[in-house]
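Participant: Can you look at this prediction? I've put the sequence above it.
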Amino acid sequence: MDPRNNTQKPLEAKGGSPDPETLKRIKELFLLFAHAISATKLFPAHHASVINFQDELYDKLTKFLEEHEELNIGIQENAFTYEGEIAYRDENILKSLPYLFFKDGMHKLTFLRDIDKAELLAFLDVVRTVSLLPPDQHDIVESLWEKDFPHSRYYVPDEFLESRLAIHQKKALDLKIDKAQMSQGKIELTAEDREVIHQKLTARLQKEQKEAADFASLTDSLDKGDSSLIESMLSYERDISTALDFLGLIFELLYTEDRLEPFKKALSFVEKRYQEWLKKGDFTYVAISIRQMEDLAQILSLNAPERALEVEKFLKTIIDQCPLEELMEMARQGQIKDFKSFFEFLRRLGSKTLPIGAELLEDGLDPEVRSAAFEFLEEMGKDRLDLLANLAQEQKPFITKAIIAIFSHLHDQKAIPFLAKFLSYKNKDIKIEVIEALGRFSDTIAHKILLEFMREDEDEDIRTAAAEKIHLSLDRDLMNAAVHLALAKNFRTKSLREKEALLKALGRGRSDEACDFLRVLLKKSGFLKKAKIEESRLCAIRSLETIATPKAVEVLRAGAGRAKKKIKSACREALERLTTGKDAGKEGPS
């Protein structure tokens with residue numbers, strides 16, 4: 001280590017935690033980091049607020065690094081940590097900076113001494129750019145890797161990077177272009193086309209005039225100084241009918257207006273435009289306006305808590321009063337164009353919008369929309385499994401199988417009782433999906449449900465599938481119940497496939513009870529009809545080979561001494577495989 005760096009101040013107090021003063025400085029740094037990002041999303045780079053936040057962040061970061069050489073930031077799903085202590089938390093995953101890093105696999109971020117201002121600003125710009133993109137279109141790790149910043153480091157587990165490679169595929173668009181018509185360089189308009197264009201232009205002009213009048217009324221209460229500010233802003237952004245221009249202008253006004261009543265009036269103007277966009281299904285600007293409002297509330301919370309509270313009230317009102325039935329109808333009628341923004345909006349509304357996601361998954365024609373709907377249901381349903389389960393219906397197999405898949409992916413034991421409801425379903429495909437999902441759990445209750453499928457279901461394929469997935473070793477009662485199934489009178493009438501599945505399940509359990517039963521099966525000549533005896537004994541031999549305990553080996557040796565040539569040969573082959581370590585998991589006799 002460079003000897004100049006040996007003058008570091010101690011970072012930790014007794015007990016391994018950072019000392020209170022250091023932790024306080026770190027919390028201030030994280031807060032400044034969040035405010036700097038929010039400001040860059042609201043205002044242009046030359047705006048005074050952006051510059052002030054960036055300057056203060058750089059000043060405090062460099063002072064810390066001069067003393068401590070590096071800043072190591074732990075990344076959790078909803079929090080940044082320092083030396084194991086929470087230093088910044090934001091649980092709103094739609095705007096949370098910790099989640100932005102965490103979701104792409106980053107576990108640790110480090111800033112090194114000698115970082116200059118240009119590098120820090122470039123880093124902030126990457127974070128800003130990525131945060132403005134839809135979740136499925138960005139990767140903060142990849143974006144930072146491309147920049148290769150010399151004074152920042154980050155850690156992502158190898159297994160996470162490998163999993164990302166598997167899903168990093170793009171589908172080609174099936175576009176049909178008439179090149180001959182393109183080369184003509186003109187568009188033929190009919191008289192009807194011209195009339196439609198004229199009507200639309202006229203309507204737009206009238207709308208612009210009305211918006212200008214509305215906005216002028218907003219500034220009636222401003223004094224001359226305020227009016228001159230508005231005029232200069234209007235000269236900078238002339239066309240207030242353009243949505244993005246409007247948002248830039250109105251948020252500048254909200255940020256600079258420190259009097260509460262004019263501030264509330266400006267908020268009401270934003271709400272009016274927001275409701276217009278919502279009614280038209282223009283979710284691009286609905287999502288942008290909500291994001292900017294959240295950023296504004298965060299910035300105002302520093303020095304203007306009263307105004308920040310008004311913004312938070314505004315956000316709560318538009319979320320609580322959102323017309324869910326109208327959103328559902330928009331989805332059904334195909335009125336939604338920007339589905340990424342639409343799902344972002346639904347996430348803000350919470351789990352009450354799960355039925356809308358289910359509707360799009362069941363009836364959506366676009367594979368990308370269906371994929372987005374599945375991700376939405378998985379993300380929003382993980383904390384409300386009851387609401388998710390209520391969406392499953394036997395007459396809607398597609399959505400039902402998707403919900404079963406979500407329960408399986410979540411691997412949450414709370415999902416097991418909801419999977420039990422499918423015992424009463426008649427749909428074979430749905431039952432197979434449920435059995436696959438239950439088999440992935442290591443909880444005894446899941447395998448007791450599989451046992452019920454084995455006992456009660458009328459379909460041989462369902463009973464066999466359940467036997468192939470059940471793990472009897474989890475519970476002695478499970479093992480005993482499976483042995484009783486094999487001892488039952490109707491066992492002799494079952495197909496080879498079902499008998500083999502049940503006997504293999506006994507083998508996987510590796511219990512003495514299973515060995516005792518299989519010994520009886522090998523010895524008892526009158527146990528089954530003669531045509532079935534041999535196939536059942538061969539299945540029993542494979543099951544004993546799977547058990548591979550000393551007691552199972554003893555049973556196989558006894559079978560190898562029997563007079564029946566085929567059975568004797570099969571026992572000897574099994575013993576040889578166990579001795580040599582060859583694969584004992586091949587399929588049994590056909």
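Facilitator: Cool, the structure landed.
Participant: in terms of contact, does Glu436 touch Glu468 like I think?
Facilitator: No: using Cβ atoms under 8 Å as the test, Glu436 is too far from Glu468 to be in contact (9.8 Å). Quick note: C-beta positions are derived from backbone N, CA and C, even for glycine.
Participant: who has more neighbours, those two?
Facilitator: Comparing Glu436 with Glu468 by neighbour count (other Cβ atoms under 10 Å), the higher total belongs to Glu468, at 19 against 15.
Participant: Quick check: that one touching Leu502?
Facilitator: No: at 9.4 Å, Glu468 does not count as touching Leu502 under the criterion of Cβ under 8 Å.
Participant: I'd assumed Thr110 was in a strand, is it?
Facilitator: Yes: assessed with DSSP: H, G, I helix; E, B strand; the rest coil, Thr110 lies in a strand.
Participant: Let me know how buried it is, in neighbour terms.
Facilitator: 13.
Participant: what sits against it?
Facilitator: 70-73, 152-154 (Cβ atoms under 8 Å, 6 or more residues apart in numbering).
Participant: so what's the residue nearest to Phe398 when sequence neighbours are not counted up against?
Facilitator: Distances taken as Cβ to Cβ, 6 or more residues apart in numbering place Glu362 nearest to Phe398, at 5.5 Å, with adjacent residues excluded. By Cβ under 8 Å, 6+ apart, Glu362 lies in contact with 396, 398-399.
Participant: Pick out the one among those residues with the largest number of neighbours.
Facilitator: Ile399 (21 neighbours).
Participant: Can you name the helix or strand that it falls in?
Facilitator: Using DSSP states H and E, the element containing Ile399 is helix 397-410.
Participant: same thing with His46?
Facilitator: Assigned by DSSP H and E, His46 falls outside every helix and strand.
Participant: And Asp55, by the same measure?
Facilitator: Following DSSP H and E, one finds Asp55 within helix 48-68.
Participant: in this protein, which helix or strand is least confident?
Facilitator: When the helices and strands of the chain are scored by mean pLDDT, DSSP states H and E, helix 179-182 comes last with a mean of 42.
Participant: returning to that earlier point: tell me how far the helix holding Ile399 is from the chain's mean position?
Facilitator: Distance, stretch centre to chain centre, for helix 397-410: 14 Å (Cα atoms, centre = their mean, to the nearest Å).
Participant: contacts for the helix or strand just after it?
Facilitator: Using DSSP H and E, the helix or strand that follows helix 397-410 in sequence is helix 416-420. Contact with helix 416-420 is made by 385-386, 388-389, 404, 407, 434, 437-438, 441, 443, 445-446, 449, as judged by Cβ under 8 Å, 6+ apart.
Participant: Contact partners for the residue nearest the centre of the chain?
Facilitator: Nearest residue to the geometric centre of the chain (Cα atoms, centre = their mean): Glu379, 4.6 Å. Shown in contact with Glu379 (Cβ under 8 Å, 6+ apart): Arg347.
Participant: relative to helix 397-410, how tilted is the helix or strand harbouring it?
Facilitator: Assigned by DSSP H and E, Glu379 falls within helix 367-381. Interaxial angle of helix 367-381 relative to helix 397-410 (axes from the mean of the first three to the mean of the last three Cα atoms, to 10 degrees): 50 degrees.
Participant: Okay, buried residues for helix 367-381 please.
Facilitator: Across helix 367-381, burial judged by 16 or more other Cβ atoms under 10 Å covers 369-370, 372-378, 380-381.
Participant: Could you double-check that His151 lies in contact with Leu109?
Facilitator: No: His151 is not in contact with Leu109 according to Cβ under 8 Å; the separation is 11.8 Å.
Participant: Which one's more surrounded, the two?
Facilitator: Between His151 and Leu109, counting by other Cβ under 10 Å, Leu109 is the more crowded of the two (19 against 16).
Participant: Verify the stated contact: the more buried one with Tyr154.
Facilitator: Yes: assessed by Cβ under 8 Å, Leu109 is found in contact with Tyr154 at 4.9 Å.
Participant: shaky segments in the chain?
Facilitator: Filtered on pLDDT under 70, the chain yields the residue ranges 1-16, 93-94, 134-138, 158-245, 524-533, 563, 582-590.
Participant: from the contacts of Glu362, which single one is nearest Asp59?
Facilitator: Among the contacts of Glu362, Ile399 lies closest to Asp59 (Cβ to Cβ), at 53.9 Å.
Participant: measure that closest one to Glu545 for me?
Facilitator: Distance, Ile399 to Glu545, by Cβ to Cβ, to the nearest Å: 43 Å.
Participant: Check Thr22 too.
Facilitator: 62 Å.
Participant: Repeat that for Val126.
Facilitator: Counting by Cβ to Cβ, the gap from Val126 to Glu545 is 58 Å.
Participant: where exactly do the helices run in the stretch 351-500 of the chain?
Facilitator: Taking DSSP state H, counting those that start in this stretch as the test, the helices found in the stretch 351-500 of the chain are 354-363, 367-381, 385-390, 397-410, 416-420, 428-439, 444-456, 460-469, 476-487, 496-509.
Participant: Who are the packing partners of the helix or strand following the last one?
Facilitator: Tracing the chain past helix 496-509, the next element assigned as helix or strand by DSSP H and E is helix 512-523. Contact analysis of helix 512-523 by 3 or more Cβ pairs under 8 Å, 6 or more residues apart in numbering; DSSP states H and E lists helix 476-487, helix 496-509, helix 530-547, helix 550-560 as its packing neighbours.
Participant: Comparing those, which comes out most buried?
Facilitator: The highest mean neighbour count among the helices and strands packed on helix 512-523, using mean count of other Cβ atoms under 10 Å, belongs to helix 496-509: a mean of 23.
Participant: Need the residues that contact it.
Facilitator: 454, 460, 463-464, 467-468, 470-473, 478-479, 482-483, 485-486, 491, 494, 514, 517-518, 535-536, 539-540, 542-547, 588, 590.
Participant: from the chain's centre, how far out does it sit?
Facilitator: Chain-centre distance of helix 496-509: 37 Å, with Cα atoms, centre = their mean.
Participant: same question, stretch 110-121
Facilitator: In this view, stretch 110-121 has its centroid 32 Å away from the chain centroid, taken as Cα atoms, centre = their mean.
Participant: Check stretch 265-285 too.
Facilitator: For stretch 265-285, the distance to the chain centre is 28 Å (Cα atoms, centre = their mean).
Participant: re the thing from before, buried residues in the helix holding Ile399?
Facilitator: Across helix 397-410, burial judged by 16+ other Cβ under 10 Å covers 397, 399-408.
Participant: packing partners for that helix?
Facilitator: Other helices and strands packing on helix 397-410, by 3+ Cβ pairs under 8 Å, 6+ apart, are helix 354-363, helix 367-381, helix 385-390, helix 416-420, helix 428-439.
Participant: And the strands in the stretch 51-200 of the chain, which stretches?
Facilitator: For the stretch 51-200 of the chain, applying DSSP state E, counting those that start in this stretch gives strands covering 70-75, 79-82, 85-89, 108-112, 152-155.
Participant: Deepest in the core, which of those is it.
Facilitator: Most buried of the strands of the stretch 51-200 of the chain, by mean neighbour count (mean count of other Cβ under 10 Å): strand 79-82, with a mean of 21.
Participant: Show me the contact partners of that strand.
Facilitator: 18, 22-23, 26, 30, 71-75, 86-90, 97-98.
Participant: Pull out the CA atoms of it and give them to me as CSV.
Facilitator: Provided in CSV are the C-alpha atoms of strand 79-82 (Å, rounded to 0.1, in the frame of the first residue of the first chain):
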residue,chain,number,x,y,z
ALA,A,79,-31.3,0.0,0.7
PHE,A,80,-27.7,1.1,0.5
THR,A,81,-25.6,0.0,3.4
TYR,A,82,-22.2,1.0,4.9
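Participant: Appreciated, that's everything.
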